[in-house]
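Enquirer: structure of the sequence below:
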Amino acid sequence: MRPTERALVPLPASPSPVTAVRGTLLGGSLRTMQQLGLREAYFEQLPSQHHEAVMALVPMSWIPTDVALAHYRAMDALVSDPKEQRASGHFVGERVQRSYLHTLVRALQATGLVTPPRLLERMPTIWGRMFRGGAVSISQVGPKDLRVRTVGLPLFSVPYFREGWEGVWESGLSLVTRKIYVRRLRRSDDSLDMTLAWV
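Expert: Residues are numbered from 1 along each chain as shown. All right, here's what the predicted structure looks like:
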């Protein structure tokens, strides 16, 4: 960590890989698939052993990582435009906002200070509602600048998920700021570093 950085959420010493994701995350791209009339093409792309799990998906269910990977690879084959991929992430972010994030924001409003850093200090709880395993760290690097590092999430190997992930952050943080800018710094197949800036 640079001397000017302040850790808001430190990274655990040995985070385990993500083993399951919440159904809410997949729901947005499934809705995109339906709206674009791609249901038949989607199930042609999705390996048949995962059809039942996807068809039985409900928002609060836990989806094994191998099923989520197959889903996002199928979506990536069908929706290659990064703008459409990010729009799907915005939709997922809006679904999350309607529930848990709104509750957090209301609690912060009672203290009189609602900012991205204050909201993201709760990230371990937010993360635990979306993923089993993996971890995220958040550091403040400027008055209105944060650095976010996510590890242990193999879905980053799929472009569709990477773009959607950034859309989720943009959408979620729109609750507490007028405009958010997300910039990807680097990534591997199971990690992604990005910066967040806001006005």
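Enquirer: report the beta-bridge partners for Val21.
Expert: Judged by DSSP bridges, the bridge partners of Val21 are Ile63, Phe131.
Enquirer: got the contact list for it?
Expert: For Val21, the contacting residues are Trp62, Ile63, Thr65, Ala68, Met130, Phe131, Arg132, Leu155, by C-beta atoms under 8 Å, 6 or more residues apart in numbering. Every residue, glycine included, has its C-beta placed from N, CA and C.
Enquirer: may I ask which of those residues comes out lowest in pLDDT?
Expert: Sorting the contacts of Val21 by pLDDT puts Met130 at the bottom of the list (91).
Enquirer: neighbours around the residue lying closest to it once chain neighbours are set aside, how many?
Expert: Take Met130 and drop its neighbours on the chain: the residue closest to it by C-beta to C-beta, 6 or more residues apart in numbering is Arg22, 4.9 Å away. For Arg22, the tally of surrounding residues (other C-beta atoms under 10 Å) stands at 20.
Enquirer: would you confirm that Arg22 contacts Gly128?
Expert: No: counting by C-beta atoms under 8 Å, Arg22 sits too far from Gly128 to count as a contact (9.9 Å).
Enquirer: tell me the pLDDT at the residue nearest to Met130?
Expert: Reported pLDDT for Arg22: 93.
Enquirer: now the strands for the protein?
Expert: Along the chain, counting by DSSP state E, strands occupy 6-9, 20-22, 62-64, 131-132, 135-142, 145-151, 180-188, 191-198.
Enquirer: what lines up beside the first one in the sheet?
Expert: On the basis of DSSP bridges, the sheet neighbours of strand 6-9 come out as strand 135-142 (antiparallel).
Enquirer: for the record, mean pLDDT for the partner strand?
Expert: The average pLDDT for strand 135-142 rounds to 96.
Enquirer: got the buried residues for it?
Expert: Of all the residues in strand 135-142, those buried under the rule 16 or more other C-beta atoms under 10 Å are Ala135, Val136, Ser137, Ile138, Ser139, Gln140, Val141.
Enquirer: I'd like the distance between Gly112 and Leu175.
Expert: Distance of Gly112 to Leu175, computed by C-beta to C-beta, to the nearest Å: 16 Å.
Enquirer: who touches stretch 55-75?
Expert: With C-beta under 8 Å, 6+ apart as the test, stretch 55-75 has contacts from 17-27, 29-30, 32-33, 42, 45-47, 50, 53-54, 85, 88, 95, 132, 154-155, 157-158, 160-161.
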